[in-house]
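>>> pasting the sequence and the predicted model now:
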Amino acid sequence: MSSLLFKARRLAVAAATVMSFALGAQTAQAATDVRVGFIPVVGAGQLFVIDGEGWATEAGLNLKLTQFESGPAMISALASGTLDAYYGGIGPIMVASARGIDVKVYAATAIEEMTVVGRAAFGAQADAATAAGFKAFADREGRPVRIATQPPGSVPDTVLRYWLQNVVKADPKTYQITAMGIEATQQALLAGAVDAATVREPTLTVIQQRDPNTKLLALGGQMQPNQPGSVLALTGAFVKAHPEQAKALVALHNRATTLLKDEPNKAAAHLQKGLGKGITDLATFEKAVVSPASKFVADPMVIKDATKVMQDFQLQQGTLEKAADLNLLFDDSFYRAAVAP
């Protein structure tokens with residue numbers, strides 16, 4: 001009798017163990033992989049808050065993050081189907097959509113995040129951010145103002161050219177634009193290889209800390225009012241295959257936007273972990289998150305009108321071959337569901 005009871009208990013334990021492993025396997029399988037491409041800027045801060053707070057794991061999302069040096073660099077990844085989600089500038093997404101790549105903007109991340117800074121002789125000019133200032137520098141130095149920004153079609157390049165042509169109205173002969181990655185831009189500016197650059201946070205804070213003589217020439221709103229910046233975009237394939245997970249990611253994005261605005265120091269710790277690379281300290285990120293260049297938003301419709309202004313300019317410049325249908329590009333259904341009472 002005791003022998004039979006012992007065997008029964010062993011069978012029960014074995015069954016429970018098998019069941020435990022089975023449930024564990026089911027839980028692991030339930031997590032949905034989300035391949036996310038991002039550019040290393042504070043404007044994509046929601047991503048690092050979602051990841052750092054553990055919300056993605058709780059929602060059954062396994063975020064697989066890949067860093068890119070610019071938005072245009074992510075387009076080929078989107079086109080090849082190796083990315084599901086995109087945290088980067090709106091400009092490349094318009095290009096992708098116009099080329100027939102199935103991708104939509106489901107949330108904004110920030111507005112007016114782009115700035116222009118100047119250093120050395122150019123930055124020291126009182127009239128640096130004027131057409132007269134550009135001309136005075138070119139006449140004095142015998143060369144144009146050298147400006148670093150990201151590749152053509154990116155938000156930094158587009159907004160810089162818009163500012164130079166429509167706001168400053170500088171003579172094109174007085175400036176020279178050089179395309180490079182985000183980190184290379186910071187290095188070139190600090191090394192004196194260029195006179196000015198378009199930068200976002202945390203680069204703006206880092207540069208100002210390393211060189212207090214760096215001059216902020218223009219904030220995002222001065223370059224283009226309500227300037228559309230980084231966005232959360234999702235591929236059609238991912239949304240079709242995982243509609244509930246896509247909806248959950250947008251809801252978490254909105255939640256992260258609230259935390260960034262209400263608890264910036266808490267958010268800064270997550271951004272430092274995601275972007276600091278063990279080099280940039282927490283205090284820098286705490287300052288960057290509350291910078292005038294950090295205006296976090298989630299509602300995609302906030303940037304729709306300004307995106308049309310940007311798109312029209314890109315068409316004029318030839319960096320966009322044809323216009324994207326903004327009514328199709330923007331989808332606020334998941335955002336509206338997230339904020340519904």
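On my side now, so go ahead.

>>> drop to CA atoms for contacts and neighbour counts, all remaining ones
Noted.

>>> could I get the full set of helices for the stretch 151-300 of the chain?
155-162, 182-191, 203-210, 220-223, 236-241, 243-262, 264-275, 282-289 (DSSP state H, counting those that start in this stretch).

>>> can you lay out those helices as CSV showing mean pLDDT and distance to Phe296?
Listed next are the helices of the stretch 151-300 of the chain as CSV, based on pLDDT from 0 to 100; distance: least, C-alpha to C-alpha, whole Å:
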stretch, mean pLDDT, distance to Phe296
helix 155-162, 94, 16
helix 182-191, 92, 20
helix 203-210, 95, 16
helix 220-223, 96, 13
helix 236-241, 97, 24
helix 243-262, 98, 6
helix 264-275, 97, 11
helix 282-289, 98, 9
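
>>> right, and the ones you listed - which one's nearest Arg35?
helix 236-241 (9.7 Å; C-alpha to C-alpha).

>>> only the buried residues of the closest one, if you could.
Gly236, Phe238, Val239 (16 or more other C-alpha atoms under 10 Å).

>>> if we can go back for a sec, deepest in the core, which of the helices of the stretch 151-300 of the chain is it.
helix 155-162 (a mean of 24; mean count of other C-alpha atoms under 10 Å).

>>> that helix packs against which elements?
Other elements packing on helix 155-162 under the criterion 3 or more C-alpha pairs under 8 Å, 6 or more residues apart in numbering; DSSP states H and E are helix 90-98, strand 145-149, strand 196-199, helix 220-223, helix 304-317.

>>> worst average pLDDT in these?
Averaged per stretch, pLDDT over the helices and strands packed on helix 155-162 is lowest on helix 90-98, reaching a mean of 89.

>>> now that helix against helix 155-162, angle please.
With axes from the mean of the first three to the mean of the last three C-alpha atoms, to 10 degrees defining the directions, helix 90-98 sits at 100 degrees from helix 155-162.

>>> quick check, Ile93 in contact with Tyr106.
No - with contact defined as C-alpha atoms under 8 Å, Ile93 does not reach Tyr106; the gap is 11.6 Å.

>>> need the overlap of contacts for these two.
Taking C-alpha atoms under 8 Å, 6 or more residues apart in numbering as the contact rule, Ile93 and Tyr106 both touch Ala233.

>>> returning to what we had before: make JSON lines out of the buried residues of helix 236-241 and add distance to Gln311.
Converted to JSON lines, these look like this (distance: C-alpha to C-alpha, whole Å):
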{"residue": "Gly236", "distance to Gln311": "22"}
{"residue": "Phe238", "distance to Gln311": "26"}
{"residue": "Val239", "distance to Gln311": "25"}
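
>>> pLDDT weak spots in the stretch 51-200 of the chain?
Scanning the stretch 51-200 of the chain with the threshold set as pLDDT under 70 gives no residue ranges.

>>> let me see the ranges of the strands in it.
Residue ranges of the strands in the stretch 51-200 of the chain, as given by DSSP state E, counting those that start in this stretch, are 61-67, 85-89, 103-108, 110-111, 115-118, 145-149, 175-179, 196-199.

>>> hmm, back to that, now tabulate the helices and strands packed on helix 155-162 in JSON lines and tack on distance to Ala56.
Converted to JSON lines, these look like this (distance: least, C-alpha to C-alpha, whole Å):
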{"stretch": "helix 90-98", "distance to Ala56": "24"}
{"stretch": "strand 145-149", "distance to Ala56": "33"}
{"stretch": "strand 196-199", "distance to Ala56": "29"}
{"stretch": "helix 220-223", "distance to Ala56": "31"}
{"stretch": "helix 304-317", "distance to Ala56": "27"}
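
>>> Met180: which of those is closest?
Using C-alpha to C-alpha, the helices and strands packed on helix 155-162 put strand 145-149 closest to Met180, at 6.1 Å.

>>> list the contacts of the closest one.
Contacts for strand 145-149 (C-alpha under 8 Å, 6+ apart): 122, 134, 137-138, 156-157, 160, 174-182, 185, 188-189, 194-199.

>>> recalculate using a threshold of 7 Å.
Around strand 145-149, the neighbours that count as contacts under C-alpha atoms under 7 Å, 6 or more residues apart in numbering are 134, 138, 156-157, 174-180, 185, 194-198.

>>> list only buried entries from the residues you listed.
134, 138, 156-157, 174-175, 177-180, 185, 194-198.

>>> before we move on, back to that, so which of the helices and strands packed on helix 155-162 is the most packed in?
strand 196-199 (a mean of 28).

>>> tell me what it is packed against?
strand 115-118, strand 145-149, helix 182-191 (3 or more C-alpha pairs under 7 Å, 6 or more residues apart in numbering; DSSP states H and E).

>>> and these: which comes nearest Ser333?
strand 115-118 (31.0 Å).

>>> partners of the closest one in the sheet?
strand 196-199 (antiparallel), strand 215-218 (antiparallel) (DSSP bridges).
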